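I'd like to go over a predicted model; first the sequence, then the structure.
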Amino acid sequence: MIMTLRWFGKEFDSVTLKQIRQIPGVKGVITTLYDSKVGEVWETEKVKKLKKEVEDAGLKIYGIESVNVHDDIKIGLSSRDKYIENYIETLKILGNEGINLVCYNFMPVFDWTRSDLAKVRPDGATVLSYDQDIIDKIEPEKMFDKIDSNSNGYVLPGWEPERLSKIKELFEMYKDVDDEKLFENLKYFLNAIMPTCEKFGIKMAIHPDDPAWAVFGLPRIIINKENLLRMVNNVNSDYNGVTLCTGSLGSNPKNDIPDIVKSLKGKIFFAHVRNLEHTAPGKFQEAAHLSSDGSMDMFEIMKAFYDIGFEGPFRPDHGRAIWDEVSMPGYGLYDRALGAVYLQGLWEAIEKMNKKN
């Protein structure tokens, strides 16, 4: 297993590469060109500059999260082929630079959704949380303002203002897109890009929807074991796979994460590992990575990854805001550093237990 940390670039992230380099066991970063516009071809020189900056800090880029998919592709408009061609050109640029993993999602309109970005816990830490009752009372077009007002001044991944300023138009465009049509559009996209992925050795790892159910009536398809298996089996390529996010799938307590991990053996290219606490149906808040702090058994989850022989990159996912740190919500240094070390400790223990047996 390769431990990494997500990094948004020095112009957008409160965390530095120097700090990341000092977290024990962290070998590299998962990053992106955060100021790139959805649907445009990435600039070769910017990719080269980003790669050099990371390597000069003694780290490596282990993947890109994300090369965002244009809404025209998800909706299935006639213009989608133009945006798919742009996507392919970006993949070629990444492949030529030796970057061979892309995490992406296929969620309509909104990326991850939360009702609160700074819910106060009893110990004074703040966390991202979700309450369906609160979400149900929010008009979709006001959702961006609610998220943006709690962002600590950062542009949040998946909540880019230039796109979400057109929420009403986007909802109108998606009105005839149901789960089946969205799945067919995903399949069309993957079939179109797989020859390039195979040529350049780029693994496409889809991220589950967060939370793992429909929000504001929009379709969501990457939500459970059945749909994940359908996705990987319908586009038969060694380069079509999954980012296994324990928090996104774990938002629905019906999802058995260790079982899902085992069912996707050979198809998990990247892992986001985090804990959360279920407080009521449709309500959860994020927690420290430590098993006892939330509702998920992190030992069993890590053991499942070990049992399938997973050798790809991990990263600790959303962290709590602790020790008065001010950062992009979920992406501070301190709690994710604790999470990275804790997850490696679990892995070391599991590895040594198996060697003794």
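Happy to help now that I have it. All values reported here derive from a predicted model rather than from experimental measurement.

let me see the ranges of the helices in the stretch 201-350 of the chain.
225-234, 246-250, 257-263, 298-307, 334-356 (DSSP state H, counting those that start in this stretch).

what average pLDDT does the second one get?
If I follow you right, that is helix 246-250. The average pLDDT within helix 246-250 is 96.

could you list the alpha-carbon positions for it in CSV?
The C-alpha trace of helix 246-250 is given here as CSV (Å, rounded to 0.1, in the frame of the first residue of the first chain):
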residue,chain,number,x,y,z
THR,A,246,-15.2,4.2,2.6
GLY,A,247,-16.9,7.4,3.7
SER,A,248,-19.1,7.9,0.6
LEU,A,249,-20.3,4.3,0.5
GLY,A,250,-20.4,4.2,4.2
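
can you tell me what sits against that helix?
With CB atoms under 8 Å, 6 or more residues apart in numbering as the test, helix 246-250 has contacts from 112, 207-212, 223-224, 255, 257, 260, 271-276, 286, 295-296, 301, 317-318. Glycine gets a C-beta too; all of them are placed from N, C-alpha and C.

just the buried residues out of these, in PyMOL syntax.
Buried members of the contacts of helix 246-250, defined by 16 or more other CB atoms under 10 Å, are picked up in PyMOL with:
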select buried, resi 112+207+208+209+210+211+212+223+224+255+257+260+271+272+273+274+275+276+286+296+301+317+318
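
and the contacts of helix 246-250, which of them are in strands?
Judged by DSSP state E, the subset of these located in strands is 271, 272, 273, 276, 286.

next up, the contacts around the second one.
Just to be clear, that refers to residue 272. With contact taken as CB under 8 Å, 6+ apart, residue 272 is in contact with 207, 243, 244, 245, 246, 247, 248, 314, 315, 317.

which of the ones in strands among the contacts of helix 246-250 lies closest to residue 40?
Residue 40 lies nearest to residue 272 out of the ones in strands among the contacts of helix 246-250, by CB to CB, at 25.9 Å.

could you measure from that closest one over to residue 4?
Here the criterion is CB to CB, to the nearest Å. By it, residue 272 lies 10 Å from residue 4.

returning to what we had before: right, so the helices of the stretch 201-350 of the chain: which one is the most enclosed?
Of all the helices of the stretch 201-350 of the chain, helix 246-250 has the most neighbours on average by mean count of other CB atoms under 10 Å, namely a mean of 26.

per-residue pLDDT, residue 60?
At residue 60, the pLDDT value in this model is 98.

count of residues packed around it?
Neighbourhood size, residue 60 [other CB atoms under 10 Å]: 16.

quick one: distance of the helix or strand where residue 91 lies to the chain centre.
Assigned by DSSP states H and E, residue 91 belongs to helix 80-96. From the chain centre to the centre of helix 80-96 is a distance of 20 Å (CA atoms, centre = their mean, to the nearest Å).

for stretch 181-199, same thing?
On CA atoms, centre = their mean, the centre of stretch 181-199 falls 19 Å from that of its chain.

buried residues in that stretch?
181-183, 185-186, 188-190, 192-194, 196-197.

same question for stretch 78-89, mean pLDDT?
Mean predicted lDDT for stretch 78-89 stands at 97.

and it, how far from the chain's centre?
How far stretch 78-89 lies from its chain's middle: 22 Å, per CA atoms, centre = their mean.

excluding its own residues, what touches that stretch? List them.
Here stretch 78-89 makes contact (CB under 8 Å, 6+ apart) with 39-41, 67, 69-70, 72-73, 185, 188-189, 192-193, 196.

6 Å instead, please
Contact with stretch 78-89 is made by 39, 41, 70, 72, 73, 192, 193, 196, as judged by CB atoms under 6 Å, 6 or more residues apart in numbering.

is it correct that the third one is in contact with residue 37?
Right, residue 70. No. Here residue 70 does not reach residue 37: they are 9.6 Å apart, not a contact under CB atoms under 6 Å.

of these two, who's got more company?
More neighbours surround residue 70 than the other of residue 70 and residue 37, with 21 against 12 (other CB under 10 Å).

list the contacts for that one?
With contact set as CB under 6 Å, 6+ apart, residue 70 has these partners: 38, 39, 83.

next one: residue 19
Residue 19 sits next to residue 333 when contact means CB under 6 Å, 6+ apart.
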